[in-house]
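Engineer: got a structure for you, letters missing:
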């Protein structure tokens, strides 16, 4: 791992890159969707907060990356623009969506996971792996050399997907 550069993805953000890069983020009820083109060793991650963008002011969504319904297509658009690849080149992996806030009756994590799955299915992309739910946060490290994601649920060992 000494030659790789690490990029962090913040909440409501996207990072796209080409190997040798590792993209990392920390998740609670938020979800990360990792898209990877294995033949080209390029990929990207979105870290979104909510399943759907709500009503907008004058039709403008100020931060597409905060929402699954606008952010996942935006991730794909950025990958296509930067690397000139069509969506068929990419496979998906999904992580996060934990129920970390017990005092809230709404299950934001589960809603985020369901939204990600529906959107990726609608885009006709394959989901190769996922680790979602639970009650603890996650750290993921997405290696663009291999397409593998090391996922650590807080307090547990890393698992490779």
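Structural biologist: Arrived safely. Everything numeric here is computed off the predicted structure, so don't read it as measured data.

Engineer: Could you list the low-pLDDT ranges of the chain?
Structural biologist: Applying pLDDT under 70 to the chain flags residues 1-4, 55-61, 104.

Engineer: try 90
Structural biologist: Applying pLDDT under 90 to the chain flags residues 1-4, 53-63, 100-108.

Engineer: where along it do the helices fall?
Structural biologist: 68-83, 108-122 (DSSP state H).

Engineer: would you turn those helices into a markdown table with mean neighbour count and distance to residue 22?
Structural biologist: For glycine as for every other residue, the C-beta is placed from the backbone atoms N, C-alpha and C. Shown next, in a markdown table, are those (neighbours: other CB atoms under 10 Å; distance: least, CB to CB, whole Å):
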| stretch | mean neighbour count | distance to residue 22 |
| --- | --- | --- |
| helix 68-83 | 19 | 17 |
| helix 108-122 | 19 | 21 |
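
Engineer: and of those, who's closest to residue 8?
Structural biologist: In terms of CB to CB, the element of those nearest to residue 8 is helix 68-83, at 15.8 Å.

Engineer: That closest one packs against which elements?
Structural biologist: strand 13-18, strand 31-37, strand 42-48, helix 108-122 (3 or more CB pairs under 8 Å, 6 or more residues apart in numbering; DSSP states H and E).

Engineer: can I get the ones you listed in a markdown table with distance to residue 140?
Structural biologist: Below are the helices and strands packed on helix 68-83 laid out as a markdown table (distance: least, CB to CB, whole Å):
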| stretch | distance to residue 140 |
| --- | --- |
| strand 13-18 | 12 |
| strand 31-37 | 6 |
| strand 42-48 | 8 |
| helix 108-122 | 14 |
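
Engineer: Out of the ones you listed, which gets nearest to residue 130?
Structural biologist: Nearest of the helices and strands packed on helix 68-83 (CB to CB): helix 108-122, 7.9 Å.
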